[in-house]
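In: build me a structure from this.
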Amino acid sequence: MRKFLMMMLAIMLTATMSFAETKENSINEGEAVAAIQKSLTNDGVKISKYLVNKVMDKAHDLTIEALKRGQAIKVQGVGTLEVKDHQARHYRVPDENGTLRDVDAPAGKHVTFVISRGLYKDINTLLE
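Out: The predicted structure is shown next:
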């Protein structure tokens, strides 16, 4: 199941990247589905937008399940998604009167994304 998830993420990223060359900023889910379907059709794979959408939904569900279990998701050449703990913090915030008040942030978890070295180098060479 993990290999399936990585394969689907790679397909989604590849199709999205090819679509992103023609658009600025980000794309929505419908545009991503259309881009994936078009990319696979160009590669000789006949697949409907309905099926692509179902695969994307399943990849999303599997990603959420893996992160809930504390598993890292590594996509070769792209990066790693993982859940990390963060400690409780104490800090001071100015209020309306200009005085500082104490605020406590509870401990919790958050999802991080660490970009792969290769992708990092590719992106930075594009910016030069």
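In: which secondary structure elements does the host helix or strand of Leu51 contact?
Out: Following DSSP states H and E, one finds Leu51 within helix 49-68. Using 3 or more Cβ pairs under 8 Å, 6 or more residues apart in numbering; DSSP states H and E, the elements in contact with helix 49-68 are helix 2-20, helix 29-42, strand 73-75, strand 79-86. Any C-beta I mention is one placed from the backbone N, CA and C, and that applies to glycine too.
In: please redo it, this time with the cut-off set to 6 Å
Out: helix 2-20, helix 29-42 (3 or more Cβ pairs under 6 Å, 6 or more residues apart in numbering; DSSP states H and E).
In: the ones you listed: lowest mean pLDDT?
Out: When the helices and strands packed on helix 49-68 are compared on mean pLDDT, helix 2-20 scores lowest, with a mean of 55.
In: just to revisit the earlier point, could you give the angle of the helix holding Leu51 to helix 29-42?
Out: 110 degrees (axes from the mean of the first three to the mean of the last three Cα atoms, to 10 degrees).
In: list the buried ones in helix 49-68?
Out: Neighbour-count burial for helix 49-68, counted by 16 or more other Cβ atoms under 10 Å, picks out Val52, Asn53, Val55, Met56, Ala59, Leu62, Thr63, Ala66, Leu67.
In: stretch 111-123 now?
Out: Of the residues in stretch 111-123, none is buried (16+ other Cβ under 10 Å).
In: put the alpha carbons of that stretch into PDB.
Out: What follows is stretch 111-123, C-alpha atoms only, in PDB (Å, rounded to 0.1, in the frame of the first residue of the first chain):
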ATOM      1  CA  VAL A 111       3.200  18.100   9.900                       C
ATOM      2  CA  THR A 112       6.500  19.100   8.300                       C
ATOM      3  CA  PHE A 113       7.800  18.800   4.800                       C
ATOM      4  CA  VAL A 114      11.500  18.400   4.100                       C
ATOM      5  CA  ILE A 115      12.400  19.000   0.500                       C
ATOM      6  CA  SER A 116      14.900  16.600  -1.100                       C
ATOM      7  CA  ARG A 117      18.400  17.800  -1.900                       C
ATOM      8  CA  GLY A 118      18.000  17.200  -5.600                       C
ATOM      9  CA  LEU A 119      14.700  19.200  -5.800                       C
ATOM     10  CA  TYR A 120      16.200  21.900  -3.700                       C
ATOM     11  CA  LYS A 121      19.200  22.200  -6.000                       C
ATOM     12  CA  ASP A 122      16.900  22.200  -9.100                       C
ATOM     13  CA  ILE A 123      14.700  24.900  -7.700                       C
END
